[in-house]
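Colleague: predicted model, plus sequence, below.
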Amino acid sequence: MNQRTKTHAAMLLLAGYLLGIRGGRLTLWREGETHPEQVYDIRVDTLPPADRLALRSGIRVESREELWEILENYLS
């Protein structure tokens with residue numbers, strides 16, 4: 001995970017955030033918002049089918065640690 005991603009994640013209070021897809025990239029939204037909080041440089045088409053399916057529905061993120069774990073898994 002790059003420093004920019006870590007810094008952004010550390011600034012978030014993650015209650016009410018969802019990871020999903022926008023423009024083919026992993027994207028973080030505050031629930032109920034139409035504009036993303038962050039678009040990551042992670043192409044969703046490189047992820048396994050089960051992950052893509054979960055992201056289409058939205059993955060609720062409960063903590064910074066959970067966000068870091070998810071991002072690290074997608075980057076590896």
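Modeller: Cool, the structure landed.

Colleague: what residue is smack in the middle of this protein?
Modeller: Centroid-nearest residue in the chain, with Cα atoms, centre = their mean: L19, separated by 3.9 Å.

Colleague: what lines up beside the helix or strand harbouring it in the sheet?
Modeller: Element membership of L19, judged by DSSP states H and E, is strand 17-22. With DSSP bridges as the test, strand 17-22 is paired with strand 25-30 (antiparallel), strand 59-61 (antiparallel).

Colleague: re earlier: just the pLDDT for the residue nearest to the residue nearest to the centre of the chain when sequence neighbours are not counted.
Modeller: Distances taken as Cβ to Cβ, 6 or more residues apart in numbering place I59 nearest to L19, at 4.4 Å, with adjacent residues excluded. C-beta coordinates here come from the backbone N, C-alpha and C atoms, glycine included. pLDDT, I59: 92.

Colleague: quick one on the thing from earlier: nearest to R43, of the strands paired with strand 17-22?
Modeller: Nearest to R43 among the strands paired with strand 17-22 is strand 25-30 (6.2 Å), distances taken as Cβ to Cβ.

Colleague: go ahead and name everything in contact with that closest one.
Modeller: 12, 16-21, 35-44, 55, 58, 61, 67, 71, 74 (Cβ atoms under 8 Å, 6 or more residues apart in numbering).

Colleague: please check those residues and keep the buried ones.
Modeller: Among the contacts of strand 25-30, those buried by neighbour count (16 or more other Cβ atoms under 10 Å) are 12, 17-21, 36, 38, 40, 42, 44, 55, 61, 67, 71, 74.

Colleague: of all these, the one with the weakest confidence?
Modeller: Ranking these by pLDDT, L12 lands last with 50.
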